[in-house]
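A.B. asks: After the sequence you'll find the predicted model.
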Amino acid sequence: MTEKAITNKILRHLNQISGVKAVKRLSNGNTNGFADITGTVLICGLGVRLEIEVKQPGETPRKLQVYRLKQAAEAGACAGWADNVQDAVDLVLNFREYHEKRLSA
């Protein structure tokens, strides 16, 4: 399956999750290293940035992509990479569950 097909499947599944809005990042010539999917995850009414790099099974992100994901995560975003739908959904749901527990405590 191509990376584009994986990305489209991930987007369909993520956008079915209540409080998640995800879109394909458009390449405008200045997106080198930025994640394929961007969006917002609602956590206790607050919008949190979403960044997911999509890879084909067996591939891993390049160094610049890892760096950009780390920057996003350090700024509080839900950021990571996935090569299948379940990993992307788990990333979002686990992130949201962790932060909802912290905010409601």
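C.D. replies: Arrived safely. The structure presented is a predicted model; accordingly, all values stated were derived computationally and were not measured. Residues are numbered from 1 along each chain as shown.
A.B. asks: what kind of secondary structure is G39 in?
C.D. replies: Following DSSP: H, G, I helix; E, B strand; the rest coil, G39 is assigned to strand.
A.B. asks: Skip the chain neighbours and tell me the closest residue to it.
C.D. replies: In this structure, G39 finds its nearest non-sequential neighbour in A22, 3.6 Å apart by C-beta to C-beta, 6 or more residues apart in numbering. Quick note: C-beta positions are derived from backbone N, CA and C, even for glycine.
A.B. asks: so what does whichever strand or helix holds that neighbour touch, helix or strand wise?
C.D. replies: The secondary structure element spanning A22 is strand 20-24 (assigned by DSSP states H and E). Contact analysis of strand 20-24 by 3 or more C-beta pairs under 8 Å, 6 or more residues apart in numbering; DSSP states H and E lists helix 3-14, strand 37-43, strand 46-54 as its packing neighbours.
A.B. asks: Okay, angle between it and strand 37-43 too, please.
C.D. replies: Interaxial angle, strand 20-24 versus strand 37-43 (axes from the mean of the first three to the mean of the last three C-alpha atoms, to 10 degrees): 170 degrees.
A.B. asks: partner strands of strand 20-24, parallel or antiparallel?
C.D. replies: Here strand 20-24 is paired, per DSSP bridges, with strand 37-43 (antiparallel).
A.B. asks: ok, back up a step: list the residues that contact the residue nearest to G39.
C.D. replies: Under the criterion of C-beta atoms under 8 Å, 6 or more residues apart in numbering, the contact partners of A22 comprise I10, L11, L14, N15, I37, T38, G39, L50, I52.
A.B. asks: Three-state assignment for the closest residue to C44 other than its chain neighbours, please.
C.D. replies: Closest residue to C44 apart from its sequence neighbours, by C-beta to C-beta, 6+ apart: L103 at 4.7 Å. In the three-state summary, L103 is assigned as helix, counting by three-state DSSP.
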